[in-house]
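# no FASTA, just this:
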């Protein structure tokens, strides 16, 4: 079955893969564009996982002010100055700054949560009694689930992405890692709200 050059170009643009990969994906999907796009996104996300350990020292500092009441300054890192200057990378930084303004995360990733804070939440969950009377292995899973739920909304990467609730912020970043071909990481961020002190 033949595939149109328009579909190949469109798939290339949306997924960040080469023309040959785009054509092959469409052929594998029998011309079904959505199926091919999904396959390419999965392939891209797999590549993104492999890039996750690469050093990211270049990047941009972006700021966002909402209604003159909430301000965010964000450092978003990538591997090269070339990618840092791309409009798509700058747009990603701005989208993440908007996410921080809207959702007020306390941490970028779960690795940033202090161990004593995790322990405090764990103790609260135990004292809350949700796992009381359950077998040890099930109780442990219940407690772990409550701790994870507690930090999901406070951790930027775990939050539902405000501009597309079908994915998390982490998935949105990984899509850009796959598309731009470089590791991308949140450096640091600061959110200020008028009249609110930490």
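Happy to help now that I have it. Because the structure is a prediction, the values reported are computed rather than measured. Residues are numbered from 1 along each chain as shown.
# and stretch 27-35, average pLDDT?
In this model, stretch 27-35 carries a mean pLDDT of 84.
# now it: buried residues?
Buried residues in stretch 27-35, counted by 16 or more other CB atoms under 10 Å: 29, 33. The way it works is simple: take the backbone N, C-alpha and C, and place the C-beta from them, glycine included.
# and that stretch, how far apart are its ends?
In stretch 27-35, first residue to last residue: 11 Å (CA to CA, to the nearest Å).
# what of stretch 74-87?
16 Å.
# so which residue is dead centre in the chain?
Geometric centre of the chain, nearest residue: residue 170, 1.5 Å, by CA atoms, centre = their mean.
# hmm, that one is touching residue 158, no?
Yes - Residue 170 is within contact range of residue 158, at 6.9 Å (criterion: CB atoms under 8 Å).
# in this structure, which spans are strands?
Under the criterion DSSP state E, the chain carries strands at the ranges 58-66, 70-78, 185-193.
# point out the most buried one among those strands.
Ranked by mean neighbour count under mean count of other CB atoms under 10 Å, the strands of the chain are led by strand 70-78, which reaches a mean of 21.
# which other helices and strands contact that one?
Under the contact definition 3 or more CB pairs under 8 Å, 6 or more residues apart in numbering; DSSP states H and E, strand 70-78 sits against strand 58-66, helix 87-103, strand 185-193.
# mind putting those into CSV with distance to residue 25?
Putting the helices and strands packed on strand 70-78 into CSV (distance: least, CB to CB, whole Å) gives the following:
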stretch, distance to residue 25
strand 58-66, 30
helix 87-103, 21
strand 185-193, 28
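# so how far is residue 164 from the residue located most distally from the centre of the chain?
Distance from the centre of the chain peaks at residue 133, with 37.2 Å (CA atoms, centre = their mean). Going from residue 133 to residue 164 by CB to CB, to the nearest Å gives 41 Å.
# what does residue 178 give?
In terms of CB to CB, residue 178 sits 16 Å off from residue 164.
# domain ranges for this protein, per the record?
Domain segmentation of the chain under automatic domain parsing yields 5-51, 58-109+155-193, 114-152.
# for these, which has the smallest mean pLDDT value?
Among those, domain 5-51 scores lowest, with a mean of 73.
# list the contacts for residue 64?
Applying CB atoms under 8 Å, 6 or more residues apart in numbering, we find residue 64 in contact with 71, 72, 74, 94, 97, 98, 100, 101.
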